[in-house]
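Trainee: Could you look at this predicted model? Sequence included:
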Amino acid sequence: MTAKNAKIKVIKRGEAVVPEVKPRAVKAEKRHAAREMVSNVTNWVTDFQARKREETKAAIETFFVKKPQASEL
């Protein structure tokens, strides 16, 4: 790094910014909310897949339903 690109930030004692620490409860609530959202979406996907399987199975069964032949009547 050359002297041209070097940047130094001077912070005076009164200007120092102390990062705000969030309580653990807030972090836990956000984590819980995120888990609920993931759980909901997972359930939606599972329900969708199950419904698709049932619809596909019903469609295939309608194609292969054994119909009585004219000679069997």
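Mentor: In hand now; what should we look at?
Trainee: in which helix or strand would I find the most centrally placed residue in the chain?
Mentor: In the chain, the residue lying closest to the centroid (Cα atoms, centre = their mean) is Val38, at 4.7 Å. Using DSSP states H and E, Val38 sits in helix 24-63.
Trainee: Check which helices and strands that helix is in contact with.
Mentor: Of the remaining helices and strands, none touches helix 24-63 by 3 or more Cβ pairs under 8 Å, 6 or more residues apart in numbering; DSSP states H and E. C-beta coordinates here come from the backbone N, C-alpha and C atoms, glycine included.
Trainee: what's the distance between it and the middle of its chain?
Mentor: Helix 24-63 has its C-alpha centroid displaced from the chain centroid by 10 Å (Cα atoms, centre = their mean, to the nearest Å).
Trainee: can you offset everything so residue one is 52?
Mentor: From this message on, residue numbering opens at 52, which makes the last subject helix 75-114.
Trainee: Can you list the buried residues in it?
Mentor: Under the neighbour-count criterion of 16 or more other Cβ atoms under 10 Å, helix 75-114 has nothing buried.
Trainee: Residue ranges in the protein under the pLDDT threshold?
Mentor: Low-confidence segments of the chain (pLDDT under 70): 52-54, 62, 64, 66-69, 120, 123-124.
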